[in-house]
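*Asks:* what follows is a predicted protein model with its sequence.
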Amino acid sequence: MRMNDVDLSAIAFPHHPAGWRSPSDLVAGFTLAWALELRERTRLSPFAPFANGVRDQLPAQYRFDTLGKLITLSPGATGTMFGRNSIARLTALCGAWQLFEELNRSWHLRSGDFGQFADTLAYVTGGNDRPSLYRDLSADLSKCLLAIRLRRASSQHDQLDLAEEWFITGDEDLTFEDSRGTVSLLFHFSNLNQVPVGLFSHSFVETVWSTARVTVDRLGPDRVVEMHREGCVPVSGVVSRC
């Protein structure tokens, strides 16, 4: 499967309300929701929006992750359940791909530049122990999706990794069980670097929110709200009703 075969802006969830029917719609909704929450946090505490006590002052729609229910799986989800939940899979993939396109506007990845690839890969996959994209956020799936998207861009080919194909198709044959019986995916960061990642019910929600947070940090909440101004009321409505 090739990247040109995938259209994440196409209607995938026809029973959703207008504006929430494609993976791209959902990514925009989560990103806008975080931008709105960050603006409210900053209004309440301009110099420390994440300080203790700020969360308790937020309106109810920001204190509880109602929007995340759209992609939440049950705690006991199995491999088959992961595969059947196209909302969780496609939203996570779309968020990572869109974030990559935004980041590459400044990265300008060069084909065959191994040094640039290695440095960028370390930045994408790193944690809070060094300068990194996600810092202390929980985003294992997004890190891995960004890493293999980075590998493909650096090598100038559009053949999807098998892990990416799973996010699109949910084909159970593309997963495996690790030594502890955890349903997992194998991500190919390079020809010599293969990384197994377990699939857990919480990973998808954490990944989508973390990707939204990094996007808002990069663009700024005001710019995100302006980009999606027509969605402010619908997002608020969905957040309140979920």
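*Replies:* Yes, it's here.

*Asks:* residues touching L90, list them.
*Replies:* Applying Cβ atoms under 8 Å, 6 or more residues apart in numbering to L90 gives the contacts 8, 12, 23, 26, 167-168. (Glycine included, C-beta is placed from N, CA and C.)

*Asks:* for the strand of greatest length in the chain, which strands pair with it and how are they oriented?
*Replies:* Scanning the chain for the strand with the most residues, using DSSP state E, yields strand 183-190. Partners of strand 183-190 in the sheet, by DSSP bridges, are strand 176-177 (antiparallel), strand 193-198 (antiparallel).

*Asks:* nearest to L199 among the contacts of L90?
*Replies:* Among the contacts of L90, F167 lies closest to L199 (Cβ to Cβ), at 10.6 Å.

*Asks:* helix or strand right after the helix or strand A35 falls within?
*Replies:* A35 is part of helix 23-44 when elements are defined by DSSP states H and E. Going down the chain from helix 23-44, the next helix or strand is helix 54-57, by DSSP H and E.

*Asks:* which elements pack onto that following helix?
*Replies:* The criterion is 3 or more Cβ pairs under 8 Å, 6 or more residues apart in numbering; DSSP states H and E, and the helices and strands that helix 54-57 contacts are helix 23-44.

*Asks:* which parts of the helix it packs on are buried?
*Replies:* If you call a residue buried by 16 or more other Cβ atoms under 10 Å, then helix 23-44 has these buried ones: 23-41, 44.

*Asks:* stretch 156-166 now?
*Replies:* Buried, per 16+ other Cβ under 10 Å, within stretch 156-166: 160-166.

*Asks:* wait, what's in contact with the residue most central in space within the chain?
*Replies:* When Cα atoms, centre = their mean is applied to the chain, the residue found nearest the centroid is V208 (3.6 Å). Shown in contact with V208 (Cβ under 8 Å, 6+ apart): 27, 30, 68, 71, 91-92, 95, 142.

*Asks:* how about the residues you listed, which pair is most distant?
*Replies:* Greatest spatial distance in the contacts of V208: G68 and S142, 14.8 Å, computed using Cβ to Cβ.

*Asks:* restricting to C-alpha, output the longest strand of the chain in PDB.
*Replies:* C-alpha atoms of strand 183-190 as PDB (Å, rounded to 0.1, in the frame of the first residue of the first chain):
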ATOM      1  CA  VAL A 183      -0.900  -7.500  21.200                       C
ATOM      2  CA  SER A 184       1.800  -5.400  19.500                       C
ATOM      3  CA  LEU A 185       2.900  -3.800  16.300                       C
ATOM      4  CA  LEU A 186       6.400  -3.800  14.800                       C
ATOM      5  CA  PHE A 187       7.600  -0.400  13.600                       C
ATOM      6  CA  HIS A 188      10.600  -0.200  11.200                       C
ATOM      7  CA  PHE A 189      12.500   3.000  12.100                       C
ATOM      8  CA  SER A 190      15.400   2.000   9.700                       C
END
